[in-house]
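# Sequence and predicted model, in that order:
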Amino acid sequence: MSKAISTILGGALLVTGMASAAQAGGLERGGYNWDLLFDPSRVATEAGVIYVMPDRKFKNARDINPLDGRGADGIGGGSTSGHETPNYTIPRFGAKLGITSDLDCLGSYSEPWGVHTNPGADWVGANQNIETKIDSKDYGLTCSYKFDVGKGYLRAIGGVSYQEVEGFKERLVLGQVLQSPAAAFGFDGTGKLALKGDGWGWRIGAAYEIPDYAFRASFIYNAEIDLGRINGTIDVTEVPAAFANPLLPFAGRVIDVYGTATMPQSAEFRLQSGIAPGWLAFGSVKWVDWSVLNVVGFCSVTVANCVPSAYATSLDLMFQDGWTISGGVGHKFNDQWSGQVQLSWDRGTSTGLTTQTDTWLLSTGVAYTPNDKFEVRVGGAVGMLTSGEYGPPRSCPSRSGICGGDVAYDFGDDFVGALSLSAKLKF
């Protein structure tokens, strides 16, 4: 592959990764990225960071269940509008080694999954969410083997990943505490679920490349990752034990809980080709099986069979599958500089219990390559998070048989932006 095409492609991968981080649905953050595996150098290392600025706002919030809430029609008042999503950062690192002329292996660290919503405790939907945060770590090893086929070569790709997932959700579980004498002693009526799990996954794929034309078609399937038994705790010490009731039997206590969950399988097809001297076109289609995360229930460790009727609490997600379609072009300006632009669309994964609706994103980036050993890339993106609504209540396999029964609200078209910086060192 010529230096010109390599430089253009490097920037193209920058905007592709930034688009995924800024717009993906479900719990996707950095997603998966194995592009360093295709670098023609025998040894290549890459480190990068993406900073995402979503500005999702909610409005017209209504407290559906004032008995556990603090709405204007319930207990303690609260705002009916506000901001939901804080900014976040996604790091990544990879190191690729050409073991032989045909066998390459990539070791990688990424944070593929995550979410952070923080509307706070002073809105009418605090009984649905005060703060939720989930983080992940993925340690991957992916290898490919090349076979000469026609004018190019075919790669067989395979690998494994070990993932760690942890997080928490805090919400108001009993609004009456806010107007009781207990409030004077610092009790705020909140409860907090903390969880942690891990598991192994694998991937398989293939790619066909013709370096002289910068042509590559690749398809990679990532298997689901079964987190097995997720261990955690429910902390309800902010509710005095005197308020215990059949729906809140653990008031005043911290209990150990467990549940099960599976992170989704995914498949992605990517295509790129030189289209004129110094020009490259690229695009991708990705599917993620987010519907595997429906209702994630948690039971006390004293319960042998964790079925919906025994749930102490649950994360009600009810995602639908995600689809992402992207396309763009790159151009080499001179021996050191190239630029790229890309347009992406992501089908929202929400079925009414999250604010993850369709997203459009325009991203661009530049790559600077002063020599054959070093490359630095910077990029930016702007996009639109489309409007929708949360709720109304619906039937689901939760402890109460109802999901989204605490609050309802609307959200309009909102802005999302992202900045990216990465560097590659080759030997």
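Received, thanks.
# pLDDT score assigned to I64?
You'll see I64 listed with a pLDDT of 83.
# hang on, it packs against G405?
Yes - I64 lies in contact with G405 (Cβ atoms under 8 Å); the separation is 5.9 Å. Where you see a C-beta, it was placed from the backbone N, CA and C, and this is true even at glycine.
# Neighbour count for the two, which is higher?
I64 (23 against 20; other Cβ atoms under 10 Å).
# Show me how far stretch 57-65 is from its chain's centre.
Averaging C-alpha positions (Cα atoms, centre = their mean, to the nearest Å) puts stretch 57-65 25 Å from its chain's average.
# got a list of contacts for that stretch?
Residues from elsewhere that reach stretch 57-65 (Cβ atoms under 8 Å, 6 or more residues apart in numbering): 69-74, 78-84, 119, 123-125, 127, 355, 390-393, 405-412, 414.
# Count the neighbours of V177 for me.
Using other Cβ under 10 Å, V177 has 23 other residues around it.
# swap in L174?
28.
# Contact partners for the closest residue in space to it that isn't next to it in sequence?
Excluding the flanking residues, the one nearest L174 by Cβ to Cβ, 6 or more residues apart in numbering is G189, at 4.6 Å. Residues near G189 by Cβ under 8 Å, 6+ apart: 172-178, 238-239.
# Starting from V236, give me the distance back to G189.
Distance, G189 to V236, using Cβ to Cβ, to the nearest Å: 9 Å.
# Mind listing the shared neighbours of these two?
Common neighbours of G189 and V236 (Cβ under 8 Å, 6+ apart) are V173.
# ok so, going back, so what's in contact with I64 and G405 at the same time?
P393.
# before we move on, back to that, what is the nearest of the contacts of G189 to S344?
Nearest to S344 among the contacts of G189 is L172, at 36.7 Å by Cβ to Cβ.
# Which residues does stretch 118-129 contact?
The contact list for stretch 118-129, computed with Cβ under 8 Å, 6+ apart, reads 58, 61-63, 65, 68-72, 74, 77-86, 117, 130-133, 169-173, 175, 188, 190, 404, 406-407, 409.
# Would you work out how far apart the start and end of it are?
This stretch, stretch 118-129, spans 8 Å end to end (Cα to Cα, to the nearest Å).
# ok, and for that stretch, which residues are buried?
The neighbour-count check on stretch 118-129 (16 or more other Cβ atoms under 10 Å) flags 119, 121, 123-129 as buried.
# How about stretch 279-287?
Residues of stretch 279-287 classed as buried by neighbour count (16+ other Cβ under 10 Å): 279-284, 286-287.
# Which residues are in contact with V149?
Here V149 is in contact with Y208 (criterion: Cβ under 8 Å, 6+ apart).
# May I have the phi/psi pair for A241?
Phi and psi for A241, reported as degrees, to the nearest 10, are phi -60, psi -30.
# was I right about it contacting V254?
No - with contact defined as Cβ under 8 Å, A241 does not reach V254; the gap is 12.0 Å.
# Quick check: the residue nearest to R203 when sequence neighbours are not counted vs N305, distance?
Excluding the flanking residues, the one nearest R203 by Cβ to Cβ, 6+ apart is N222, at 4.6 Å. According to Cβ to Cβ, N222 stands 31 Å off from N305.
# Between those two, which is the more surrounded one?
Taking other Cβ under 10 Å, N222 and N305 do not tie; N222 has more neighbours (25 against 7).
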